[in-house]
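1. coords please:
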Amino acid sequence: MITSKPGIGIVAPSGYTLDDAVVQRGIKLLEARGHVVHNYFDTAKVFQRFGGTDEARLAQLQVAACDPEIEVVVALRGQYGLTRLLPRIDFETMAASGKIFVGFSDFTAFQMGLMAKTGAKSYAGPMLHPDFGATVPVDFTLDDFWKCLAGPTHRIDVKAAGNPSVEASGTIWGGNLAMVMSVLGTSYFPKIDGGILFFEDVNEHPYRVERMLLQLLQAGVIERQKAIVLGDFSSYGITPADNGYNFDVMVDYLRGVMPVPVLTGLPFGHGRTRVTIPFGAHARLVSNNAGFTLTMSDYPTVSHG
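-> Predicted structure coming up:
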C-alpha cells in the first residue's frame, strides 16, 4: 500500500517571480506536508517577462512530465506566456505521463490545449504564487485543493442568492475567460457538447466580459452547453460614462439572451479564496434561489495525497 505523499513539480510556463522567498515558502509548505518537491524554475534564468526563454519553459514542462518522482505539476504563476508555446508543447507526452497539471489564469491555455489534443483532464487550482508561497496562505484555498486531489469526488457548495433553478450534468470546462477566447477557432479549443462552462477574469470591464461571452454565443459554443457558472471578476473600474451599466446589469442582460442558465457566485478567480475545479470532470450542477452545488467525479486523483 502506498503511503507516501505525491511528488510535486514546480514549473514556470508563463510569468515569473524574482522574489525567491515566494518559491522557498511554497516549497517549505509542501515539504512540511510530506511531499517531495522538484523545482524546475530558476530565478536566475528569467527572460523578459517570462519564467525563462520559450525553449527553457518548454523544457520545464517536458522534464516535469517525464520525472518518475513527480505526480502533480503545479504552475508557478499565471500572467502571460503559454499561448506562444502551444504549437510546441508535446501534449501527447503530457497526457501519457499521467501527471495532474494544476494552475489557473494563463494556465487555462494549457488546459484547453491538453483537453483538445488528448482529452486529458487537469486541475484549475492553486499555484505557487499567490497560493502555496503566500506569506499567509489561505487555508480554504489549499484545503479545497487537497480534498479534490484525494477524491474520488469533489463537491463545492455555494451560497448565492438570485440564481435560476437548474439541474444539469455534463463535462465541466472553462477557466480564465480571456484565455478561453484566445484559443477560440484554433485546434486548441476542445469540442465539448453538453458541458458546464465556468469562467473568471481580472482587469476586464463588464462590457468586455459581455463581449467575450457574446462571441462564444455567436460562435455556436454556448448553445451546445448546459449552463454557464461565473466566478470572480475583479479589479476593473466603473466610470460615470457607464451610466448605470455594471456587472450585475451585464449579467441580467446575458440571462435574457443566452440559451442556457447563467449563474454567479462561484468562488473561483483571482481572489485569494478559491475552489479547485477538475477541468474535464463529470459535474452535476443543482441550483436554486439560495445557492448551488457542483459535484464532480471521474477525474484524476492521488489517493495518498
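2. Quick check: bridge partners of the residue positioned nearest the centre of the chain?
-> Note on the chain: the residue nearest the mean C-alpha position is Ala124, at 2.8 Å, using CA atoms, centre = their mean. Beta bridges link Ala124 to Gly103, Ile277 when assigned by DSSP bridges.
3. Am I right that it is in contact with Gly269?
-> No. In this structure Ala124 lies outside contact range of Gly269 using CB atoms under 8 Å: 10.2 Å. C-beta: built from backbone N, CA, C; applies to glycine.
4. any idea where the helices of the stretch 101-250 of the chain begin and end?
-> In the stretch 101-250 of the chain, the segments counted as helices under DSSP state H, counting those that start in this stretch are 108-118, 139-150, 177-182, 206-218, 247-257.
5. Looking at the ones you listed, which is nearest to Arg224?
-> helix 206-218 (10.3 Å; CB to CB).
6. List the buried residues of the closest one.
-> 206, 208-210, 212-213, 216-217 (16 or more other CB atoms under 10 Å).
7. sorry, back to before: list the residues that contact the residue nearest to the centre of the chain.
-> Applying CB atoms under 8 Å, 6 or more residues apart in numbering to Ala124 gives the contacts 103-104, 107-108, 111, 174-175, 198, 268, 276-279.
8. again, only using 6 Å
-> By CB atoms under 6 Å, 6 or more residues apart in numbering, Ala124 lies in contact with 104, 175, 277, 279.
9. Count the neighbours of the residue lying closest to the second one once chain neighbours are set aside for me.
-> By that I understand Gly175. Distances taken as CB to CB, 6 or more residues apart in numbering put Thr108 closest to Gly175, at 3.4 Å, once the chain neighbours are dropped. By the criterion of other CB atoms under 10 Å, Thr108 has 28 neighbours.
10. Any regions of the chain where pLDDT drops low?
-> Within the chain, the segments meeting pLDDT under 70 span 1-3, 303-305.
11. And the strands in it?
-> Remark: strands assigned in the chain by DSSP state E are 8-11, 37-39, 72-75, 100-103, 122-124, 154-159, 166-176, 196-202, 227-234, 262-264, 277-279, 282-288, 291-297.
12. got the CA positions of the longest one in PDB?
-> Coordinates of the C-alpha atoms in strand 166-176 are reproduced here as PDB (Å, rounded to 0.1, in the frame of the first residue of the first chain):
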ATOM      1  CA  VAL A 166     -31.000  24.400 -12.500                       C
ATOM      2  CA  GLU A 167     -30.400  20.700 -12.600                       C
ATOM      3  CA  ALA A 168     -27.800  19.800 -15.200                       C
ATOM      4  CA  SER A 169     -24.900  17.300 -15.700                       C
ATOM      5  CA  GLY A 170     -22.000  17.400 -18.100                       C
ATOM      6  CA  THR A 171     -18.300  18.000 -18.600                       C
ATOM      7  CA  ILE A 172     -17.100  21.000 -16.600                       C
ATOM      8  CA  TRP A 173     -14.600  23.200 -18.500                       C
ATOM      9  CA  GLY A 174     -13.500  26.800 -19.000                       C
ATOM     10  CA  GLY A 175     -11.300  28.900 -16.700                       C
ATOM     11  CA  ASN A 176     -10.000  32.300 -17.500                       C
END
